[in-house]
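K.L.:
model this:
(2 chains)
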2 protein chains.
Amino acid sequence: MEDNLENLLEKKSKEAWEIYLPGFSIDCAVFGFHDGMLKILMVKIKGQDFWGLPGGYIKKQESLKEAASRILKDRTGAKDIYLQQFRVFGELNRSEGFFNGYDDTLWHKQRFISMGFYALVDYSQVQLMVDDLSNACEWISIDELPEFMMDHRNIFNHALVTLRKQLNYKPIGYSLLPEEFTMPELQRLYEIILGKKLNRGNFYRKMTGYDILDKLEESRKGGAHKAPNLYKFNLEKYNLALKNGFKEGW
Amino acid sequence: MEDNLENLLEKKSKEAWEIYLPGFSIDCAVFGFHDGMLKILMVKIKGQDFWGLPGGYIKKQESLKEAASRILKDRTGAKDIYLQQFRVFGELNRSEGFFNGYDDTLWHKQRFISMGFYALVDYSQVQLMVDDLSNACEWISIDELPEFMMDHRNIFNHALVTLRKQLNYKPIGYSLLPEEFTMPELQRLYEIILGKKLNRGNFYRKMTGYDILDKLEESRKGGAHKAPNLYKFNLEKYNLALKNGFKEGW
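P.N.:
Predicted structure coming up:
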């Protein structure tokens, strides 16, 4: 382990005990859609071999949600991100062995109960930032995931399941797709998240039934075939459905 | 405030700092179904005017889920309860003013981030227990709720919304209904949770579509009308659907 890293960790540790609530952390599963792939934001901490989800702690005078927004803003530069808590990870020893060799007073060696947030961000609006404890911060396709540190694989899995469930009762796509898109592009997003092919006719029927899309007058130019229709989300209806869920079910 | 209560709180506070993880609590929304009413388990803490949800803390060597199970068992005597985390409440000052007049070293006066769990219990299996910090522990119909302490009204509201959403993708009823029941009885449970009337034919169609019920050979005896069919849950299918969700949606 590098000597510099040890000094840095000790300095960070001292600060952390002053600034943050002990014993509680936040981990963020940040999804973006790019080049027809669903990607997740991952970081690599100095001195560690594995990758993890970006995370942080809660300031003593900060609400949980404020903390999650701040953590994401520090990593991505993005504000007003669609951010939802999805599960708390409170197993014993979830970080055991991760800071072996360090003193027990090290902030990072505590037992942390961690709150998982997931976020959907506009890939083009994001500027990734590496902080002084990490070597790398990158978008990684969910089809090519590396080995995860600690229980972060489990946190990621729960985030993806949450995202999949959410497709059934809430709209998705506004922060993931460009402003104007075709129905096949929207379908492709759903298929990538769900990890399976969908029937084109059923998708069209169900999606228009949700009544959150506006069909544009113009269609996409270029290409040999009939130009496909363009759509955009009707933000008023979209946000209402985001708040109340689709008018389906019981 | 009674002198006894003050001494008791101080004693409890000292113990708590030794046993539990600081800064983190659990609050439980426990639902039961009885006399055609959906009821919630509430407690009244000594020296306080308002009612609250039963809760507690996490031992230093206990997982989050173990803690929630222990807390519920201590209140209800019931084990193996269907128990799910649904949301974390992490606002600043959510308990502000609640222990005014006490020293800042009092355990109970900390800023607590609280994890909400909801539970569905078999009303007939429950034996309510009053602990030494509370005056009362009672089932209260959700149509006749008293004033809540702290932010417990908000926690209750979120629990009810979660229960309603869950009706759309998971089975419900096994721990709430007697073993054998009629379709109108099951419908009544759904109506009470949703707070609205449902169409009888639609309910029958949707419910049988879920494929979690076994129709019994015998029907209910007595009464002037045609004896109604009896059903019970097929536990294998029920538990599978509980784990994976209904095979609906995308």
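
K.L.:
Give the helix, strand or coil label for A:Phe24.
P.N.:
Assigned by DSSP: H, G, I helix; E, B strand; the rest coil, the conformation of A:Phe24 is strand.

K.L.:
can you tell me which residues contact it?
P.N.:
A:Tyr57, A:Ile58, A:Phe112, A:Ile113, A:Ser114, A:Met115, B:Gly23, B:Phe24, B:Ile113 (C-beta atoms under 8 Å, 6 or more residues apart in numbering or on different chains). (Glycine included, C-beta is placed from N, CA and C.)

K.L.:
Which member of those is positioned nearest A:Asn202?
P.N.:
Compare each of the contacts of A:Phe24 with A:Asn202 using C-beta to C-beta and the shortest gap goes to A:Met115, at 36.2 Å.

K.L.:
rewinding a little: turn the contacts of A:Phe24 into a markdown table, including distance to B:Ser141.
P.N.:
Supplementary listing: the contacts of A:Phe24 in a markdown table, determined by distance: C-beta to C-beta, whole Å:
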| residue | distance to B:Ser141 |
| --- | --- |
| A:Tyr57 | 41 |
| A:Ile58 | 37 |
| A:Phe112 | 40 |
| A:Ile113 | 34 |
| A:Ser114 | 37 |
| A:Met115 | 33 |
| B:Gly23 | 34 |
| B:Phe24 | 31 |
| B:Ile113 | 30 |
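
K.L.:
give me the element A:Arg70 is part of.
P.N.:
Per DSSP states H and E: A:Arg70 is located in helix A:64-76.

K.L.:
show me what contacts the closest residue to A:Phe89 other than its chain neighbours?
P.N.:
Leaving aside its sequence neighbours, A:Phe89 sits nearest to A:Ser114 (C-beta to C-beta, 6 or more residues apart in numbering or on different chains; 4.7 Å). A:Ser114 sits next to A:Phe24, A:Ser25, A:Ile26, A:Asp27, A:Gly55, A:Val88, A:Phe89, A:Gly90, A:Arg94, A:Ile155 when contact means C-beta under 8 Å, 6+ apart.

K.L.:
Where do the helices of chain A begin and end?
P.N.:
Secondary structure of chain A (DSSP state H): helices at A:3-19, A:64-76, A:152-166, A:183-194, A:200-209, A:235-244.

K.L.:
hang on, the earlier thing: if I look at the residue nearest to A:Phe89, how far off is chain B?
P.N.:
Per C-beta to the nearest C-beta, to the nearest Å, A:Ser114 is found 10 Å from chain B.

K.L.:
quick one: pLDDT of that residue?
P.N.:
Model confidence at A:Ser114, given as pLDDT, is 96.

K.L.:
go on, A:Glu179?
P.N.:
Looking at A:Glu179, the pLDDT reads 89.

K.L.:
Tell me which residues touch it, please.
P.N.:
Residues near A:Glu179 by C-beta under 8 Å, 6+ apart: A:Lys232.

K.L.:
Over to A:Asp122?
P.N.:
A:Asp122 sits next to A:Gly32, A:Ala78, A:Ser175, A:Leu176 when contact means C-beta under 8 Å, 6+ apart.

K.L.:
And the residues you listed, which two are furthest apart?
P.N.:
Using C-beta to C-beta, the contacts of A:Asp122 span at most 13.0 Å, a distance reached by A:Ala78 and A:Leu176.

K.L.:
So those two - more neighbours on which side?
P.N.:
Neighbour count, other C-beta atoms under 10 Å in any protein chain shown: between A:Ala78 and A:Leu176, A:Leu176 has more, with 21 against 17.

K.L.:
Tell me how many other residues surround the nearest residue to the more buried one once chain neighbours are set aside.
P.N.:
Closest residue to A:Leu176 apart from its sequence neighbours, by C-beta to C-beta, 6+ apart: A:Phe33 at 4.1 Å. By other C-beta under 10 Å, 22 other residues sit near A:Phe33.

K.L.:
so A:Phe33 touches A:Val121, yeah?
P.N.:
No. Judged on C-beta atoms under 8 Å, A:Phe33 makes no contact with A:Val121 at a distance of 9.2 Å.

K.L.:
which residues touch the spatially most central residue of chain A?
P.N.:
By C-alpha atoms, centre = their mean, the mean C-alpha position of chain A lies nearest to A:Val30, the distance being 1.6 Å. For A:Val30, the contacting residues are A:Ile40, A:Leu41, A:Leu53, A:Pro54, A:Leu72, A:Arg75, A:Thr76, A:Tyr118, A:Ala119, A:Val121, by C-beta under 8 Å, 6+ apart.

K.L.:
Repeat that for A:Asn154.
P.N.:
Applying C-beta under 8 Å, 6+ apart, we find A:Asn154 in contact with A:Phe89.

K.L.:
Could you measure from it over to A:Phe89?
P.N.:
With distances taken as C-beta to C-beta, to the nearest Å, A:Asn154 is found 7 Å from A:Phe89.

K.L.:
Next: A:Ile193.
P.N.:
A:Ile193 is 22 Å from A:Phe89, by C-beta to C-beta.

K.L.:
Also A:Pro228?
P.N.:
From A:Pro228 over to A:Phe89 the distance is 43 Å, taken as C-beta to C-beta.

K.L.:
With neighbour numbers in mind, choose between those two.
P.N.:
Higher neighbour count among A:Pro228 and A:Phe89: A:Phe89, with 20 against 14, using other C-beta under 10 Å.
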